[in-house]
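Student: Structure, please.
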Amino acid sequence: MSSSGWAFIPLFYGIFLFLVLLTDLLWLFPFLSIRIPKVTLREKLKFKNVVILSDVHLGSGLERVDVLTRILEKIDSEVIVIAGDLLEDARKEVFSKRLLEWLRELSSLGIERFYYVLSESSHDPRIGGPYLNFLVFGIQLHMIRGFLELDLNRRKVYVTHGDVCCRNGFLAWLLEGILKELGVEGGLERILKSKLGLSESLFVMGHTHRFFVSEDGKVVNCGSWKSYPKRPGEGGLAILRGEEFRVLGPFRF
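Tutor: Numbering: from 1, shown residues only. Down below sits the predicted model:
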């Protein structure tokens with residue numbers, strides 16, 4: 001083989017490696033390649049009180065749903081919205097049973113509607129279509145893939161899990177920590193909101209397990225209700241009550 005032929009081999013492998021890394025990067029950080037995604041479901045609500053939270057991880061053995069339920073008991077809410085990772089492992093039947101138990105508790109608290117915005121690459125179940133609706137213990141349960149837009153008293157709220165920004169939850173948690181140390185708190189949330197073109201809407205997500213509220217209150221991460229042995233949980237609630245929008249938290253446990 002000529003010297004020029006041998007020289008081509010490193011170039012070929014270099015291009016191949018670059019393409020592999022680029023593909024992995026785009027898979028791990030989908031927002032780098034996506035355009036503004038279509039909203040999966042738009043709902044105009046007539047309810048007075050809506051509570052948004054995320055990352056409960058039911059069935060993990062580390063979830064503090066007891067703390068969460070006690071807080072919800074004190075809030076007169078009709079609608080709950082979960083911004084992903086409600087379950088720890090949706091493939092196992094035990095987690096479905098734990099979900100039914102919690103829904104029964106919520107029904108006794110007067111919850112009428114339950115929106116479950118599914119993560120696409122994490123712990124939640126997969127559904128065949130964009131959304132699925134059914135009735136459980138008198139609660140209208142809506143399972144939505146990707147993105148939910150709520151219109152409440154002429155205020156628009158955009159809810160997603162957040163894994164469209166970074167698929168791996170631990171890496172998302174780590175990146176948020178690094179950005180915070182660099183003085184950029186809520187970096188992934190701000191990037192994703194900007195990418196989605198939601199300058200005026202309220203934007204709520206989870207995924208990173210780090211509670212965050214922007215200075216103007218329009219970007220919220222509800223944190224997580226899962227507490228690790230060496231990493232306490234910090235959960236929060238975004239509450240829409242009539243014309244008022246406020247965030248409670250973080251609740252550390």
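Student: check which helix or strand covers residue 52.
Tutor: strand 49-53 (DSSP states H and E).
Student: swap in residue 156?
Tutor: Assigned by DSSP H and E, residue 156 falls in strand 155-160.
Student: and if you look at residue 134?
Tutor: strand 131-136.
Student: relative to strand 131-136, how tilted is the following helix or strand past that strand?
Tutor: Later in the chain than strand 131-136, the nearest helix or strand by DSSP H and E is strand 139-145. Relative orientation of strand 139-145 and strand 131-136, computed by axes from the mean of the first three to the mean of the last three C-alpha atoms, to 10 degrees: 160 degrees.
Student: Return the list of helices and strands in contact with strand 139-145.
Tutor: Using 3 or more C-beta pairs under 8 Å, 6 or more residues apart in numbering; DSSP states H and E, the elements in contact with strand 139-145 are strand 41-45, helix 93-108, strand 113-118, strand 131-136. Every residue, glycine included, has its C-beta placed from N, CA and C.
Student: now it: how far from the chain's centre is it?
Tutor: 15 Å (C-alpha atoms, centre = their mean, to the nearest Å).
Student: Could you do stretch 140-154 as well?
Tutor: 13 Å.
Student: Can you list the neighbours in contact with that stretch?
Tutor: 37-45, 47, 50, 81, 103, 112-118, 120, 125, 127, 129-135, 156-160, 164, 201, 240, 242-243 (C-beta atoms under 8 Å, 6 or more residues apart in numbering).
Student: any weak-confidence spans in the stretch 1-150 of the chain?
Tutor: 1-38, 90-95, 122 (pLDDT under 70).
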